[in-house]
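Visitor: turn this into a model:
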Amino acid sequence: IGADTLSIAINQADESGQVIDFSAAATDLTVATGPNEADAVIFDMDGADGALITASGNLTVAVYEFFQVSGGFALSKSEGTITLSDADATEVSVDQLTLGGSNVSAFAGLAGGTTDALGFALDELDFALGLFSDQSDATRSWTTLQATASRFEFVGVDGLSVAGSSLSVSINQASDDTEIADFSANPLAVQIGPSSSHDLDLDGSRGALLEVSGDVDIDVYGFVALTGGFAFVKSEATVPVYLNEATGDVAVELLTIGASDVSA
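Guide: Sure thing, here's the model as predicted:
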């Protein structure tokens with residue numbers, strides 16, 4: 001594990017749970033770090049984030065030559081509020097942990113980085129992950145992920161080519177609560193690197209969601225070739241259906257698989 005451009009910010013609360021707000025120009029604090037004024041550090045943390053711990057930088061990780069990842073990362077633990085997808089748009093005070101990455105390259109497989117590589121590679125991956133826990137009921141939690149990758153590819157098997165672009169992944173789940181977090185009206189900015197962020201903006205009205213889409217090209221030994229766009233979506237929805245000679249709205253788990261502009 002190696003890192004550079006590392007940045008850390010900590011703003012902790014007193015016994016009553018209050019933190020100092022340094023966000024306004026009148027309340028920020030300049031801390032001298034030596035004889036050179038240009039090296040001073042400015043405290044400018046926003047008190048609205050509550051008790052805060054953040055770390056960001058460029059990270060390179062290699063695990064037993066099987067999994068490798070490198071790029072910009074940011075991790076933050078703070079307090080916040082999320083809106084649920086119920087009819088009342090209920091707001092919940094939460095402890096939140098966010099993890100983001102920008103321009104990430106990843107490889108899972110054997111002999112990564114060599115001409116003998118065998119496995120799955122991702123390039124230019126950006127992702128934002130949010131984990132939220134109800135401050136008044138620790139059994140309630142929510143998970144939200146949005147990610148995009150410019151290119152993905154399976155390498156290492158002669159005659160088999162699987163490559164794609166514009167990969168998009170969206171996940172919005174709850175622990176045991178039927179109501180999903182709704183970020184459509186109030187997106188949550190998640191830091192994904194030393195100087196960049198990505199908005200979580202999934203619409204809670206789509207229910208519990210798992211979605212993957214992109215463009216893919218597959219060639220099997222020059223005999224079977226497939227190219228086009230695809231989308232795989234697992235969600236919850238309320239739809240009008242015909243059951244037992246009666247038509248009505250029924251809550252269902254919905255799985256859709258679609259493709260467009262496909263040539264085979």
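
Visitor: return the list of strands paired to the strand or helix carrying A3, each annotated with direction.
Guide: Using DSSP states H and E, A3 sits within strand 2-11. Strand 2-11 has the following strand partners under DSSP bridges: strand 52-63 (antiparallel).

Visitor: please export the C-alpha coordinates of the partner strand as PDB.
Guide: This file holds the C-alpha atoms of strand 52-63, laid out as PDB (Å, rounded to 0.1, in the frame of the first residue of the first chain):
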ATOM      1  CA  LEU A  52     -15.900  15.000  11.100                       C
ATOM      2  CA  ILE A  53     -13.000  12.700  10.100                       C
ATOM      3  CA  THR A  54     -11.800  12.800   6.500                       C
ATOM      4  CA  ALA A  55      -8.800  11.500   4.700                       C
ATOM      5  CA  SER A  56      -8.000  11.700   1.000                       C
ATOM      6  CA  GLY A  57      -5.100  11.200  -1.400                       C
ATOM      7  CA  ASN A  58      -3.700   9.100  -4.200                       C
ATOM      8  CA  LEU A  59      -3.500   5.400  -3.300                       C
ATOM      9  CA  THR A  60      -1.900   2.300  -4.800                       C
ATOM     10  CA  VAL A  61      -2.800  -1.100  -3.400                       C
ATOM     11  CA  ALA A  62      -1.600  -4.600  -4.500                       C
ATOM     12  CA  VAL A  63      -2.800  -7.700  -2.800                       C
END
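
Visitor: give the buried residues for it.
Guide: Using 16 or more other Cβ atoms under 10 Å as the test for burial, strand 52-63 gives 52, 54-59. Using the backbone N, CA and C atoms, a C-beta is placed for each residue, glycine as well.

Visitor: can you redo those residues as a markdown table with distance to D126 and pLDDT?
Guide: Below are those laid out as a markdown table (distance: Cβ to Cβ, whole Å; pLDDT from 0 to 100):
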| residue | distance to D126 | pLDDT |
| --- | --- | --- |
| L52 | 23 | 88 |
| T54 | 18 | 92 |
| A55 | 18 | 92 |
| S56 | 14 | 91 |
| G57 | 16 | 91 |
| N58 | 14 | 91 |
| L59 | 14 | 88 |
